[in-house]
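Participant: Okay, predicted coordinates and the sequence, questions at the end:
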Amino acid sequence: MSVTARLGGAALFVAAVAAAAALVHFALVLLVPVVAAHDAFAHLAELGPPGATTPLPPAGPDERRFPWDDPALAAAFCRFDLSAGPVRIKAPVGRAGFASLSFHTRRGAVFYALTDRAATHGRMEAVIATPAQLRVLVAHDDEDDPSQDLRVVSPTVQGFVIMRAFSELPSLYAAAADEVKAMACATEPSPS
Amino acid sequence: MTLVAKALAAGAIGLALGVAASGWILADPPFGAVTIGPWRVAAKAGSLEADPYTRAALARSGEIPLALGEGLKLVARVDSAGRPLDRRCLYLVGTHTPAARYWTLSLTDADGYPVENAAGRYGFRSSEILRDGDGGFSIYVSALAHSGNWLPVGHVQTFALALRLYDTPLAASAGGIEKSSVPTINREGCA
């Protein structure tokens, strides 16, 4: 075999390796979010049932499920499932300190968020609905007395809401933890 | 070697390379993050518009991301001179942060979890920190105890610093945060 033919064969081999590696890499990047067994939703599912407010364990050296959680923040979550109807979130706020709600898809991406600055009557409140449920809600609206609800469309039927509350001092952490536990999440009665 | 054997070998090597490269790249996704001094911020990491690499990294880590409307998370793994943070050294972090209703500065291991330490101190809040006469702050990061605002490194080899800005007007333009507005991380000396 000539030198050129050998070199050509080697180059072809390297190219084949590179092509296979690239293919595997792109497939993995796209597949990981779909098959990840330990994403945020999976960990939350171990902690609490859908439709109930469950406190998140405080960030600390022994809590190794949710990286980059801030030890100064108390948090609670509610997993929602819109297949039985829209879900209403009510979260009373009133401490000194920051509080917020973030709405996440099944894959963890945020599709909406609000802070205590947007609170009215001492609470943050929103109704999560699928696009189809939103159309039904709008169709049932009274034109003379429009709904004051903040309606948030979820791109996925399942997902979760996180409430976070900032404690200004370590001694105020317990009060922040109490505040997030008071979040309510319940499926709305279907409009009649 | 026959052609089939060669193709199989190429496929096997490619598979191993692809898996290894993916693990390495997803540990620190390359897109969507900006560098401001020693800090890295991926403002859109948790959003629906995140790129596939950032999405995969999020799913793999299990992190519950902050929404843009809630705040920003900046992570430093190097000092202001670009040297990796080293547990044998003393760092002075200060003295100002970009505008935010509250901020926290905490220390984590390489994966983003707080590190056990005898003082039980994982971070400082803007609302609890001791300040100098100008309203600035100084946080000392070291393994050995230090006077003032001391953030202990604990028993990890590699660590990171996380600065969180809650309710900040900068969220929409994280790329526009000025380098002069973020805290510096100055290495004061090493043991």
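Facilitator: Noted; the coordinates are in hand.
Participant: Could you grab the helix/strand/coil label for B:Glu49?
Facilitator: Here B:Glu49 is recorded as coil under DSSP: H, G, I helix; E, B strand; the rest coil.
Participant: what about the strands in chain A?
Facilitator: With DSSP state E as the criterion, chain A has strands at A:54-55, A:73-81, A:87-92, A:99-105, A:110-115, A:123-129, A:151-153, A:158-166, A:184-187.
Participant: can you pull the buried residues of the second one?
Facilitator: Neighbour counts over strand A:73-81 (16 or more other C-beta atoms under 10 Å in any protein chain shown) mark A:Leu73, A:Ala74, A:Ala75, A:Ala76, A:Phe77, A:Cys78, A:Arg79, A:Phe80 as buried. For glycine as for every other residue, the C-beta is placed from the backbone atoms N, C-alpha and C.
Participant: ok, B:Ser126 - contacts?
Facilitator: B:Thr97, B:Ala100, B:Tyr102, B:Trp103, B:Thr104 (C-beta atoms under 8 Å, 6 or more residues apart in numbering or on different chains).
Participant: Now go through those and say which are in strands.
Facilitator: Reading strands off these with DSSP E, I get B:Tyr102, B:Trp103, B:Thr104.
Participant: Let's have those in JSON lines, adding distance to chain A, pLDDT and neighbour count.
Facilitator: As requested, the ones in strands among the contacts of B:Ser126 are exported to JSON lines (distance: C-beta to the nearest C-beta, whole Å; pLDDT from 0 to 100; neighbours: other C-beta atoms under 10 Å in any protein chain shown):
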{"residue": "B:Tyr102", "distance to chain A": "5", "pLDDT": "95", "neighbour count": "20"}
{"residue": "B:Trp103", "distance to chain A": "10", "pLDDT": "96", "neighbour count": "25"}
{"residue": "B:Thr104", "distance to chain A": "5", "pLDDT": "97", "neighbour count": "26"}
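Participant: out of the strands of chain A, nearest to B:Leu170?
Facilitator: B:Leu170 lies closest, by C-beta to C-beta, to one member of the strands of chain A: strand A:110-115, at 14.7 Å.
Participant: which secondary structure elements does that closest one contact?
Facilitator: strand A:99-105, strand A:123-129, strand A:151-153 (3 or more C-beta pairs under 8 Å, 6 or more residues apart in numbering or on different chains; DSSP states H and E).
Participant: and those strands as JSON lines, adding mean pLDDT, distance to B:Leu48 and mean neighbour count?
Facilitator: Conversion of the helices and strands packed on strand A:110-115 to JSON lines gives the following (pLDDT from 0 to 100; distance: least, C-beta to C-beta, whole Å; neighbours: other C-beta atoms under 10 Å in any protein chain shown):
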{"stretch": "strand A:99-105", "mean pLDDT": "95", "distance to B:Leu48": "7", "mean neighbour count": "25"}
{"stretch": "strand A:123-129", "mean pLDDT": "94", "distance to B:Leu48": "15", "mean neighbour count": "21"}
{"stretch": "strand A:151-153", "mean pLDDT": "94", "distance to B:Leu48": "12", "mean neighbour count": "17"}
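Participant: Tell me how many other residues surround the residue in chain A that chain B sits nearest to.
Facilitator: Nearest residue of chain A to chain B: A:Ala20, at 2.3 Å (C-beta to the nearest C-beta). Using other C-beta atoms under 10 Å in any protein chain shown as the criterion, A:Ala20 is surrounded by 20 other residues.
Participant: just A:Asp141 next, same as before
Facilitator: Residues lying near A:Asp141 (other C-beta under 10 Å) number 12.
Participant: so it makes contact with A:Ser147?
Facilitator: Yes: at 5.5 Å, A:Asp141 and A:Ser147 qualify as touching, with contact defined as C-beta atoms under 8 Å.
Participant: where does B:Asp79 fall, phi/psi-wise?
Facilitator: Backbone torsions for B:Asp79, taken as degrees, to the nearest 10, come to phi -90, psi -180.
Participant: wait, what's in contact with the residue nearest to it when sequence neighbours are not counted?
Facilitator: The spatial neighbour of B:Asp79 that comes closest, neighbours along the chain excluded (C-beta to C-beta, 6 or more residues apart in numbering or on different chains), is B:Ile185 at 4.5 Å. By C-beta under 8 Å, 6+ apart, B:Ile185 lies in contact with B:Gly37, B:Pro38, B:Ala76, B:Val78, B:Asp79, B:Ser80, B:Leu85, B:Tyr91, B:Leu92, B:Val93, B:Val141, B:Leu161.
Participant: So which of these sits lowest on pLDDT?
Facilitator: Confidence by pLDDT is poorest for B:Gly37 among these, given 91.
Participant: In contact with that residue: list those residues for me.
Facilitator: By C-beta under 8 Å, 6+ apart, the residues touching B:Gly37 are B:Ser80, B:Lys179, B:Val182, B:Thr184, B:Ile185.
Participant: I'd assumed B:Ser80 was in contact with the fourth one.
Facilitator: Yes: using C-beta under 8 Å, B:Thr184 is in contact with B:Ser80, at 4.6 Å.
Participant: Need the residues touching each of those two.
Facilitator: When contacts are counted by C-beta under 8 Å, 6+ apart, B:Thr184 and B:Ser80 have B:Gly37, B:Pro38 as shared neighbours.
Participant: which strands and helices sit next to the top helix by length along chain B?
Facilitator: Taking DSSP state H as the criterion, chain B has its longest helix at helix B:3-27. Where contact means 3+ C-beta pairs under 8 Å, 6+ apart, helix B:3-27 is packed against helix A:3-35, helix B:52-61.
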